[in-house]
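Q: No sequence on hand, only this structure:
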DNA sequence: ATGGTTGATCGTCAA
């Protein structure tokens, strides 16, 4: 079972990239983030024609998450009971024997911002949500844009980014707290020494060409799925296309 | 210190 995640930064602008990528890689489930449209503006027909069932939590202009499945998803849930939120950042569904959650975690903007306090509180809500989800669905995958680089090895210039948003100790502690629930970072568990592998690069200053990136998009799998984890890779190709998302897709395969 | 890039929307906000 191939499960992928991709922050597309507008699903309508990126639709051609998404369709090409689905055809090339044939994931069983693709988690999308930053749709930047309401459900009424979502490209339902094109994705259905590509062979995917879509489940969408959208809103006007900002945020928005979706799940695309080769097979229908069941028990679809939007948002988190543990955290009242006007922003659409979470959607979950069961595909076969695996519960899959697509998450778009808050960016935080800067440590002094009110959005940073919201981010930290939001992660506490996510922990509570996932603790309950793991009890109900031991085979759980949580994939998305976490807006956290868990370790200095996930940052192109750790000294420059030290203490900055996406890399601060408080944010990293929130990420660790997720792992402590019984989740594993698929990429890092397979490649514990890997450096210079990133999933996001700024649009500015030719950051992608210079590989000035951060690894902030992650596929987390529950301990019950860990033994089935076979591969996890970041596909750099879409980031090099014309008019790309600023994020690359990350895909994990379970057998 | 400033500005640089993109998307939604149409003067800014968000990333």
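A: Sure thing, it's come through. Worth saying up front: this structure is predicted, and the values here are computed from it rather than measured. Numbers count the residues shown, from 1 in each chain, chains lettered A, B, ... in the order given.
Q: Contact partners for residue A:70?
A: Shown in contact with residue A:70 (CB atoms under 8 Å, 6 or more residues apart in numbering): A:26, A:27, A:28, A:29, A:51, A:52, A:53. Quick note: C-beta positions are derived from backbone N, CA and C, even for glycine.
Q: Let's see that with 7 Å instead.
A: Shown in contact with residue A:70 (CB atoms under 7 Å, 6 or more residues apart in numbering): A:28, A:51, A:52.
Q: And residue A:37, by the same measure?
A: Per CB under 7 Å, 6+ apart, neighbours of residue A:37: A:11, A:12, A:58, A:64.
Q: which of those residues are buried?
A: In these, burial by neighbour count holds for A:11, A:58, A:64, counting by 16 or more other CB atoms under 10 Å.
Q: gap between the first one and residue A:106?
A: The gap separating residue A:11 from residue A:106 is 19 Å, by CB to CB, to the nearest Å.
Q: Could you give me the buried positions within the longest helix seen in chain A?
A: Among the segments of chain A that qualify as a helix by DSSP state H, the longest is helix A:114-136. Using 16+ other CB under 10 Å as the test for burial, helix A:114-136 gives A:116, A:118, A:119, A:122, A:123, A:125, A:126, A:127, A:129, A:130, A:133, A:134.
Q: Contact partners for the closest residue in space to residue A:73 that isn't next to it in sequence?
A: Nearest residue to residue A:73, sequence neighbours excluded (CB to CB, 6 or more residues apart in numbering): residue A:93, at 3.1 Å. Shown in contact with residue A:93 (CB under 7 Å, 6+ apart): A:55, A:67, A:73, A:74, A:75, A:76, A:100.
Q: could the contacts of residue A:37 go into a markdown table alongside distance to residue A:191, pLDDT and secondary structure?
A: Below are the contacts of residue A:37 laid out as a markdown table (distance: CB to CB, whole Å; pLDDT from 0 to 100; DSSP: H, G, I helix; E, B strand; the rest coil):
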| residue | distance to residue A:191 | pLDDT | secondary structure |
| --- | --- | --- | --- |
| A:11 | 29 | 98 | helix |
| A:12 | 34 | 98 | helix |
| A:58 | 34 | 98 | coil |
| A:64 | 30 | 98 | coil |
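Q: Quick one: those as TSV, columns for distance to DNA strand B too.
A: Shown next, in TSV, are the contacts of residue A:37 (distance: CB to the nearest atom of the strand, whole Å):
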residue	distance to DNA strand B
A:11	7
A:12	5
A:58	10
A:64	9
